[in-house]
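Visitor: Can you look at this prediction? I've put the sequence above it.
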There are 2 protein chains.
Amino acid sequence: MKLLLAEDDVDFGNILSQYVTLSGFDVALARNGREAWDLFHESRPDICVLDVMMPEMDGFTLAEKLRAEEPGVPFIFLTAKSLREDIIKGLKLGADDYITKPFDPEMLMLRINNILRRVYSAAEDEYTISETTLKYNSLELITPSGKERLTLREAQLLRHLMINRNKAQTREQILTEIWGQDDYFLGRSMDVFISRLRKYLSGDRGLALRTLRGIGFILEEVN
Amino acid sequence: MKLLLAEDDVDFGNILSQYVTLSGFDVALARNGREAWDLFHESRPDICVLDVMMPEMDGFTLAEKLRAEEPGVPFIFLTAKSLREDIIKGLKLGADDYITKPFDPEMLMLRINNILRRVYSAAEDEYTISETTLKYNSLELITPSGKERLTLREAQLLRHLMINRNKAQTREQILTEIWGQDDYFLGRSMDVFISRLRKYLSGDRGLALRTLRGIGFILEEVN
DNA sequence: ACGGGAGGTTAATACAAGGTTAATCCTTAT
DNA sequence: ATAAGGATTAACCTTGTATTAACCTCCCGT
């Protein structure tokens, strides 16, 4: 899991960064808003922790720009202010959480994990639908016709479809979620993976990976 | 959207309940943990707001039981304590948010809306009129005579008519809205789709897709 | 009651979306 | 440097569906 931390207080930033790294995150640390903007594009983080008051670009403005570019990315505001107006402004921007300094790093970690669990359902490892179960971390797929070892992309795509079972997923949604961007060739690549997944899943009559022409795909449980 | 509010302070509970109702929620108000547990089963809320300290059953215990029964339901803790241990306990339970009293009702609303947006972002997908419902994203149409799988254009057109039910839609309006432009041939194309939709909808006597000659079409509920 | 135009219906066609397989390009490890 | 594994690109094929066409019906004005 990659995390972008934007904090202008150098010492505090370093301590926080260390703490979060220890918890198993891949951290990108920015000293100001502009740097954060650049780092965001380089590292494509899964979650952003933004100080509100920073030189170059404040956290609110940054969040707005990030939202516009990558709507799904969750973010947490960090601030010394506990002013009602600021908190409300942050929440209106769709912040997933808002923490006022001083705070306990352990609490930050808990909040981060909560959000990630919610957003990515990342705490789970086993996903089961019908007769088929995916062990995500070990890339194993167990179907009525036997075990398969998946590749990373196969597993990512299948997991996404399993998490969103019975819900239509547009091509854009899947591409931005799994591939990080949406262009023609990645779309064709996805089609190749869908084709492969169908082969793996063909032994299980209790589910169907249907295409919704012009929209996307859906992994359905059928009676 | 239905909300379950569990709060033992009667006055405060009422004020909050009123405020949340004004924001368009359907509120179930419980005076203690046990009542909340019962109300939860009756009203199946989309989100729960739980006071931590309540008679009969405290908020934490309640949340655990709710989680076990209905893992997807988001909840927010409300508490007078700002003890670090308590907050951490709440977050460990997977609380979607944690608010310490005293707080601003407006802020509660903002947090509620943030969480709902995140959790139910895939909403706004089902349209129902009379006995017929359209699941737009999965292109499914459920009528008294059974399920149908629609095409994209069929679904777009039907959705437009359902959104504007009981309102006359001119040919021009529909064409510019759905097809992006308005010419003779697209008009004939639309007639083909109207014809198909009528077939799909023929099993439902509670609605009529009528022609307004020289003007356009209207999807009406008839009693 | 007749003619014309608006809309209904069905079938034929063209084309774009997606399926499939193979080739190629990258990474990574040795 | 090379090999292996995996992702992407390419090429070709299939199929679903929006459009177009052709013909029909019905309504409305004269």
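Guide: Okay, I see it.
Visitor: Show me the strands in chain A, by range?
Guide: A:2-6, A:26-30, A:47-51, A:75-79, A:97-100, A:126-129, A:132-135, A:140-143, A:146-149, A:169-170, A:207-212, A:216-221 (DSSP state E).
Visitor: Distance check, A:Thr79 against A:Leu108.
Guide: 13 Å (C-beta to C-beta, to the nearest Å). All C-beta atoms are positioned from the backbone trio N, CA, C, and that covers glycine.
Visitor: what's the overlap in contacts for those two?
Guide: Taking C-beta atoms under 8 Å, 6 or more residues apart in numbering or on different chains as the contact rule, A:Thr79 and A:Leu108 both touch A:Ile99.
Visitor: Would you mind checking which helix or strand in chain A has the lowest mean pLDDT?
Guide: Within chain A, no helix or strand scores below helix A:84-92, which has a mean of 70 by mean pLDDT, DSSP states H and E.
Visitor: Can you pull the phi/psi pair for the closest residue to A:Thr151 other than its chain neighbours?
Guide: With sequence-adjacent residues excluded and distances taken as C-beta to C-beta, 6 or more residues apart in numbering or on different chains, A:Thr151 is closest to A:Leu139, at 7.1 Å. Main-chain torsions, A:Leu139, degrees, to the nearest 10: phi 60, psi 30.
Visitor: Return the distance of A:Leu157 relative to chain B.
Guide: To chain B, A:Leu157 is 18 Å away according to C-beta to the nearest C-beta, to the nearest Å.
Visitor: The residue nearest to that residue when sequence neighbours are not counted: what's it in contact with?
Guide: Ranked by C-beta to C-beta, 6+ apart and with sequence neighbours excluded, the top spatial neighbour of A:Leu157 is A:Phe193, at 5.2 Å. Residues in contact with A:Phe193 (C-beta under 8 Å, 6+ apart) are A:153-154, A:157.
Visitor: near DNA strand D, from those?
Guide: A:153-154 (C-beta under 7 Å from any atom of the strand).
Visitor: Looking at neighbours, which among the contacts of A:Phe193 is most surrounded?
Guide: A:Leu157 (23 neighbours; other C-beta atoms under 10 Å in any protein chain shown).
Visitor: Go ahead and confirm that one touches A:Leu197.
Guide: Yes: the criterion here is C-beta atoms under 8 Å, and A:Leu157 meets it with A:Leu197 at 6.6 Å.
Visitor: measure the spatially most central residue of chain A to DNA strand C for me?
Guide: For chain A, A:Asp46 is the residue whose C-alpha lies nearest the centre (C-alpha atoms, centre = their mean; 4.5 Å). Distance, A:Asp46 to DNA strand C, by C-beta to the nearest atom of the strand, to the nearest Å: 18 Å.
Visitor: now do A:Ala155
Guide: From A:Ala155 over to DNA strand C (counting by C-beta to the nearest atom of the strand), the distance is 17 Å.
Visitor: Quick one: residues contacting that residue.
Guide: A:Ala155 touches A:134, A:136, A:139, A:141, counting by C-beta under 8 Å, 6+ apart.
Visitor: Go ahead and build a PyMOL selection from the buried members of the residues you listed.
Guide: Those of the contacts of A:Ala155 that count as buried under 16 or more other C-beta atoms under 10 Å in any protein chain shown are selected in PyMOL with:
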select buried, chain A and resi 134+136+141
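Visitor: Show me what A:Glu148 bridges to in the sheet.
Guide: A:Leu141 (DSSP bridges).
Visitor: gap between it and DNA strand C?
Guide: For A:Glu148 relative to DNA strand C (C-beta to the nearest atom of the strand), the value is 16 Å.
Visitor: burial of that residue, as a residue count?
Guide: A:Glu148, neighbours per other C-beta under 10 Å, totals 16.
Visitor: List the contacts of it.
Guide: Counted by C-beta under 8 Å, 6+ apart, A:Glu148 has contacts A:140-142, A:200.
Visitor: out of those, which are buried?
Guide: Buried, going by 16+ other C-beta under 10 Å: A:141, A:200, out of the contacts of A:Glu148.
Visitor: ok, which pair from the contacts of A:Glu148 is furthest apart?
Guide: Farthest-apart pair in the contacts of A:Glu148 is A:Glu140 and A:Tyr200; separation 11.3 Å (C-beta to C-beta).
Visitor: Pull up the overlap in contacts between these two.
Guide: A:148, A:150.
Visitor: what does chain A have sitting close to DNA strand C?
Guide: A:171, A:187-188, A:191-192, A:194-195, A:198, A:211, A:213-216.
Visitor: Filtering those by proximity to chain B, which remain?
Guide: A:213-215 (C-beta under 8 Å from any C-beta of the partner chain).
Visitor: Which of the residues you listed fall within helices?
Guide: Using DSSP state H, no member of these falls within helices.
Visitor: Derive a PyMOL selection command for the buried subset of those.
Guide: Listed next is the PyMOL selection for buried residues among these, using 16+ other C-beta under 10 Å:
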select buried, chain A and resi 215
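Visitor: which one of the ones next to chain B among the residues of chain A next to DNA strand C sits closest to A:Ile87?
Guide: Of these, the one sitting nearest to A:Ile87 (C-beta to C-beta) turns out to be A:Ile215, at 38.4 Å.
Visitor: Mind listing what's buried along stretch A:215-222?
Guide: So, applying 16+ other C-beta under 10 Å, buried residues of stretch A:215-222: A:215-220.
Visitor: typed the wrong thing, it's stretch A:34-41
Guide: Buried residues in stretch A:34-41, counted by 16+ other C-beta under 10 Å: A:35-37, A:39-40.
Visitor: do the same with stretch A:95-108
Guide: Residues of stretch A:95-108 classed as buried by neighbour count (16+ other C-beta under 10 Å): A:95-99, A:108.
Visitor: Contact distance from DNA strand D - what residues of chain A qualify?
Guide: Residues of chain A lying near DNA strand D (C-beta under 7 Å from any atom of the strand): A:149, A:151-154, A:179, A:185-186, A:188-189, A:192-193, A:213-214.
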